[in-house]
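Chemist: Fold the following.
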Amino acid sequence: LVRAGQQVLIASTTPLPQVLGSRGLPLGAHTTLDALGDRAFDLVYLPGGMGSATTMRDDARVQALAARQLASGRTLAIICASAIALVPNGLGKGRRVTSFPGVRAQVEPHVGAWLDQAVVEDGNLVTSQAAGTAMALGLTLARRLAGGEISAKLAQDMLATPVA
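Modeler: Below you'll find the model as predicted:
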């Protein structure tokens, strides 16, 4: 998204400026979720991995942010197992989504339809399956935020398959 000219802000759900990814790699955050308050964003992205997914599902602040994002009409993007974050408050009700296949059984009863596709767009909700579909998701989000020409140019520059 940075390549598409977008400002990216990473927020930690913990008080620490660094979090561990699902494989133990440290990731730096710009700020904390608490410091964001009710700030509005063009896009909110919930990262994948089972540790993140559990946090996205169980953290009331993340749930409130996701609900506000969807209610506002702004884009909420979710990848991999973090689609379970749609479950507690019915955020996926009536929506077409995808997720990591390993959490399909948890997600499918709570959404309109679960689709076995790399990326699924349903209005302002965009979901993707896993790390292997992250490029398609990134290009889809670049198209939404910066336009089709920029998304296509990014795909060309990175030798990736363009998205429609």
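
Chemist: Heading C-terminal from the lowest-mean-pLDDT helix or strand in the chain, find the next helix or strand.
Modeler: Lowest by mean pLDDT, DSSP states H and E among the helices and strands of the chain is strand 18-20, with a mean of 82. The helix or strand immediately downstream of strand 18-20 is strand 26-28, counting by DSSP states H and E.

Chemist: before we move on, back to that, which residues make contact with the least confident helix or strand of the chain from outside it?
Modeler: 12-13, 26-29, 51 (Cβ atoms under 8 Å, 6 or more residues apart in numbering). Backbone N, C-alpha and C define where each C-beta goes, glycine included.

Chemist: farthest pair in those residues?
Modeler: 28 and 51 (16.8 Å; Cβ to Cβ).

Chemist: The two - which one has more neighbours?
Modeler: Using other Cβ atoms under 10 Å as the criterion, residue 28 and residue 51 rank with residue 51 on top: 16 against 9.

Chemist: need the contact list for residue 29.
Modeler: 10-12, 16-19.

Chemist: Quick check: closest non-adjacent residue to it.
Modeler: Once flanking residues are discounted, residue 29 sits nearest to residue 12: 3.8 Å by Cβ to Cβ, 6 or more residues apart in numbering.

Chemist: Please report phi then psi for the one you found.
Modeler: The phi/psi pair for residue 12 (degrees, to the nearest 10) reads phi -90, psi 140.

Chemist: Specify the beta-bridge partners of it.
Modeler: Per DSSP bridges, the residues bridged to residue 12 are residue 32.

Chemist: That one reaches residue 35, doesn't it?
Modeler: No: using Cβ atoms under 8 Å as the test, residue 12 is too far from residue 35 to be in contact (9.4 Å).

Chemist: Pick out whichever of the contacts of strand 18-20 sits closest to residue 154.
Modeler: residue 27 (22.2 Å).

Chemist: picking up where we left off before, roughly how far apart are the residue nearest to residue 29 and residue 112?
Modeler: Separation of residue 12 from residue 112 (Cβ to Cβ, to the nearest Å): 32 Å.

Chemist: And those two? Which one has more around it.
Modeler: The residue with more neighbours, out of residue 12 and residue 112, is residue 12; 18 against 13, by other Cβ under 10 Å.

Chemist: contacting residues for that one?
Modeler: 18-19, 29, 31-33.

Chemist: Now that you've got those residues, can you turn the buried subset into something I can paste into PyMOL?
Modeler: Only the buried entries of those go into this PyMOL selection, using 16 or more other Cβ atoms under 10 Å:
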select buried, resi 19+29+33
